[in-house]
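J.: just to be clear, the model below is a prediction. Sequence and coordinates:
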Amino acid sequence: MDSSKRSHWSSRWAFILVTVGSAVGLGNIWKFPFMTGTNGGSAFVLVYLACVVGIGVPLLMAEAMLGRRGQGDPVDAMRSLAREAGASRLWLAIGYIGIVGALLILSFYSVVAGWILEYTVRAVGGFRGMDKAMLGEVFAGLLADPLRLVAWHTVFMALSAGVVLGGVTAGIERANKIMMPGLFAILLVLLGYGAVAADLPAAFRFLFHFEPKAIDAQVVLAAMGHAFFTLSLGMGAIMTYGSYLGREISIARTSLVVATADTLVALLAGLAIFSFVFAQGLEPAAGPGLILQTLPLAFSTMPFGDVVGLLFFVLVVFAAWTSSISLIEPATAYLVEHFSLGRRAAVLLVSLLVWLLGVAVALSFNDWSGFKVFGLGLFDLLDTLTSKIMMPLAGLLIALFTARVMQRAHVESEIGLGGRAFGLWYGVLRYVSPVAIVLIFLNVIGVIG
Ligand code: PFF
């Protein structure tokens with residue numbers, strides 16, 4: 001499509017902010033800490049960092065590059081890139097997998113974000129006087145209550161759709177400009193508090209004390225899947241955001257900043273969270289309930305726990321909100337650009353679809369808990385399908401398309417990397433990323449691990 005008609009971010013920093021907004025989300029503050037807790041602490045962290053550097057960053061650059069060169073929503077961008085390379089239309093699959101995957105992720109992401117909204121409201125009253133058993137009951141009670149889950153999911157979807165309705169700069173960019181600095185400020189306050197009043201050294205040891213013995217195939221593969229999720233890879237979000245990026249901006253450098261910021265937030269949030277957990281002598285391997293059951297227990301007893309608890313949940317809401325926006329935008333852009341639908345109608349249609357699926361996810365915790373596919377409830381099924389299948393598959397295709405299908409000269413002129421750095425990045429995409437991703441697949445189908 002004619003690129004002059006498409007919206008563009010107002011600056012390089014705006015792109016960095018919105019892309020960090022997409023990357024930093026429940027993945028960093030909910031998933032990363034509990035996965036670290038259940039996968040042996042520092043062993044998981046080390047492999048996750050290696051995956052971010054070795055697979056995540058190269059793919060982040062590639063996906064943003066495809067978006068900018070393709071100048072369209074994920075499907076239309078892939079159509080023009082495939083045409084330019086004289087390649088099969090089958091490569092459009094990258095666009096479709098992304099758009100559908102993003103909607104599937106959002107359907108359960110929004111339900112989890114709904115839990116966080118409920119806890120934010122609870123945090124206003126504080127968690128004082130609540131013990132472990134009471135907090136366990138609160139969480140179990142929430143999961144058992146379909147109406148409550150659906151109500152919070154509805155609120156969160158409305159918040160997210162509201163921002164995307166505003167458009168690329170007036171909606172998405174503006175929301176990120178408010179929430180992301182707020183998120184960083186709160187994170188620093190929490191970390192400072194962790195250093196002064198909680199057990200930061202214990203958290204540091206847990207995350208960074210290298211224990212090679214704890215690394216096994218499961219840890220490696222879990223860490224690799226998480227690198228995809230946390231960097232928002234393969235779901236059309238980065239491609240769509242990249243398509244609104246001006247020609248003069250270096251994709252390689254901006255992607256590096258984004259990946260560094262995302263990783264820093266995960267590590268700093270992890271340090272803060274585990275410093276609270278260890279200061280209260282709590283269990284780091286509590287699983288998905290870590291920030292909802294274990295952490296409020298810490299807030300219930302520590303000094304200024306009410307304020308710290310509220311700040312913490314506001315931080316998580318901001319993180320989830322700026323990510324969910326990026327999950328709505330790819331399908332919206334597709335409907336607007338491909339079917340000439342108005343933006344309002346497109347956002348409403350996309351949100352309604354996600355909302356309906358999210359209602360089914362909410363019910364899968366209670367009334368429909370008997371419904372299982374391959375032994376998994378709908379929530380786990382969607383998480384597995386997206387993180388372990390669709391994201392790695394899209395990543396694999398992006399690596400192959402960029403380094404084996406596109407003309408090397410086109411890639412080189414678009415990416416903004418010179419000489420050896422280009423050679424290294426290109427080589428990783430050609431060989432390392434595809435092999436690593438195939439290993440994830442072999443694990444999913446049970447051949448290894
Ligand atoms: N990166 C987000 C997180 O860590 O919470 C989740 C996400 C957003 C995944 C956007 C995929 C995506 F396209």
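T.: Structure received. Here the structure is a predicted model, which is why all the values come from computation and not from measurement.

J.: residue numbers of the stretch 301-449 of the chain in contact with the ligand?
T.: 323, 326, 327 (Cβ under 6 Å from any ligand atom). Backbone N, C-alpha and C define where each C-beta goes, glycine included.

J.: tell me the SS of residue 93?
T.: Three-state call for residue 93 (DSSP: H, G, I helix; E, B strand; the rest coil): helix.

J.: could you list the residues of the stretch 101-250 of the chain in contact with the ligand?
T.: Residues of the stretch 101-250 of the chain lying close to the ligand (Cβ under 6 Å from any ligand atom) are 102, 105, 229, 230, 232, 235, 237.

J.: neighbour count for those - can I get that in CSV?
T.: Shown next, in CSV, are these (neighbours: other Cβ atoms under 10 Å):
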residue, neighbour count
102, 29
105, 25
229, 24
230, 26
232, 29
235, 31
237, 30
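
J.: residue most distant from the centroid, the protein?
T.: Counting by Cα atoms, centre = their mean, the extreme residue of the chain relative to its mean C-alpha position is residue 129, 33.8 Å from that point.

J.: am I right that that residue is in contact with residue 297?
T.: No: using Cβ atoms under 8 Å, residue 129 is not in contact with residue 297, being 11.4 Å away.

J.: for the residue farthest from the centre of the chain, give its distance to the ligand.
T.: Separation of residue 129 from the ligand (Cβ to the nearest ligand atom, to the nearest Å): 32 Å.

J.: tell me how many other residues crowd residue 433.
T.: By the criterion of other Cβ atoms under 10 Å, residue 433 has 24 neighbours.

J.: what strand or helix carries the nearest residue to it once chain neighbours are set aside?
T.: Nearest residue to residue 433 in three dimensions, chain neighbours excluded: residue 399, at 4.2 Å (Cβ to Cβ, 6 or more residues apart in numbering). Element membership for residue 399, per DSSP states H and E: helix 391-400.

J.: counting contacts, what elements does that helix pack onto?
T.: Using 3 or more Cβ pairs under 8 Å, 6 or more residues apart in numbering; DSSP states H and E, the elements in contact with helix 391-400 are helix 57-70, helix 93-125, helix 217-230, helix 433-444.

J.: could you rerun that using 6 Å?
T.: Helices and strands touching helix 391-400, by 3 or more Cβ pairs under 6 Å, 6 or more residues apart in numbering; DSSP states H and E, are helix 57-70, helix 93-125, helix 433-444.

J.: winner for burial among these?
T.: Comparing those by mean neighbour count (mean count of other Cβ atoms under 10 Å), helix 57-70 ranks first with a mean of 26.

J.: send the alpha carbons of the following helix or strand past that one over as CSV?
T.: Using DSSP H and E, the helix or strand that follows helix 57-70 towards the C-terminus is helix 74-85. Output of helix 74-85 as CSV, limited to C-alpha atoms (Å, rounded to 0.1, in the frame of the first residue of the first chain):
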residue,chain,number,x,y,z
PRO,A,74,1.5,-8.4,8.8
VAL,A,75,-0.3,-10.1,5.9
ASP,A,76,0.1,-7.3,3.4
ALA,A,77,3.7,-6.7,4.4
MET,A,78,4.5,-10.3,3.8
ARG,A,79,2.6,-10.2,0.5
SER,A,80,4.8,-7.3,-0.9
LEU,A,81,8.0,-8.8,0.5
ALA,A,82,7.3,-12.2,-1.0
ARG,A,83,6.5,-10.5,-4.3
GLU,A,84,9.7,-8.5,-4.1
ALA,A,85,11.7,-11.6,-3.5
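
J.: for helix 74-85, which positions count as buried?
T.: Judged by neighbour count using 16 or more other Cβ atoms under 10 Å, the buried positions of helix 74-85 are 74, 75, 76, 77, 78, 79, 81, 82, 85.

J.: centre of the chain versus the helix or strand hosting residue 149, how much separation?
T.: Secondary structure assignment for residue 149, by DSSP H and E: helix 146-165. The chain centroid and the centroid of helix 146-165 are separated by 18 Å under Cα atoms, centre = their mean, to the nearest Å.

J.: who touches the residue of the stretch 51-200 of the chain found nearest the ligand in this structure?
T.: Minimum separation of the stretch 51-200 of the chain from the ligand (Cβ to the nearest ligand atom) falls at residue 102, amounting to 5.1 Å. Counting by Cβ atoms under 6 Å, 6 or more residues apart in numbering, residue 102 makes contact with 235, 236, 327, 330.

J.: okay if I get the residues you listed as JSON lines plus secondary structure and pLDDT?
T.: Output for these, formatted as JSON lines (DSSP: H, G, I helix; E, B strand; the rest coil; pLDDT from 0 to 100):
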{"residue": "235", "secondary structure": "coil", "pLDDT": "97"}
{"residue": "236", "secondary structure": "coil", "pLDDT": "97"}
{"residue": "327", "secondary structure": "helix", "pLDDT": "98"}
{"residue": "330", "secondary structure": "helix", "pLDDT": "97"}
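
J.: just the buried residues of those.
T.: 235, 236, 327, 330.

J.: tell me the one of those nearest the ligand?
T.: Distance to the ligand across the buried ones among the contacts of residue 102 (Cβ to the nearest ligand atom) is lowest for residue 235, with 3.2 Å.

J.: quick one on the thing from earlier: so what pLDDT did the residue nearest to residue 433 get?
T.: Looking at residue 399, its pLDDT reads 98.

J.: and residue 367, how many residues sit next to it?
T.: For residue 367, the count of nearby residues is 11 (other Cβ under 10 Å).

J.: let me know the secondary structure of it.
T.: With three-state DSSP as the basis, residue 367 sits in coil.

J.: so who does it touch?
T.: Counting by Cβ under 6 Å, 6+ apart, residue 367 makes contact with residue 146.

J.: can you check residue 399 too?
T.: Going by Cβ under 6 Å, 6+ apart, residue 399 touches 429, 433, 434.

J.: from these, which is closest to the ligand?
T.: Out of these, the member with the shortest distance to the ligand (by Cβ to the nearest ligand atom) is residue 433, at 17.4 Å.

J.: could you list the low-pLDDT ranges of the stretch 101-250 of the chain?
T.: In the prediction, the stretch 101-250 of the chain carries no residues with pLDDT under 70.

J.: that older thread, with pLDDT added, can I get the contacts of residue 399 in JSON lines?
T.: As requested, these are exported to JSON lines (pLDDT from 0 to 100):
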{"residue": "429", "pLDDT": "96"}
{"residue": "433", "pLDDT": "92"}
{"residue": "434", "pLDDT": "94"}
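
J.: dump the residues you listed into a markdown table; add distance to residue 70 as well.
T.: A markdown table is the format used below for the contacts of residue 399 (distance: Cβ to Cβ, whole Å):
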| residue | distance to residue 70 |
| --- | --- |
| 429 | 17 |
| 433 | 20 |
| 434 | 21 |
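
J.: pick out the residue nearest the middle of the chain.
T.: Computing the C-alpha centroid of the chain and ranking residues by Cα atoms, centre = their mean puts residue 230 first, at 4.0 Å.

J.: quick check, pLDDT for the residue nearest to that residue when sequence neighbours are not counted.
T.: Distances taken as Cβ to Cβ, 6+ apart place residue 27 nearest to residue 230, at 4.2 Å, with adjacent residues excluded. pLDDT, residue 27: 96.

J.: sounds good, over and out.
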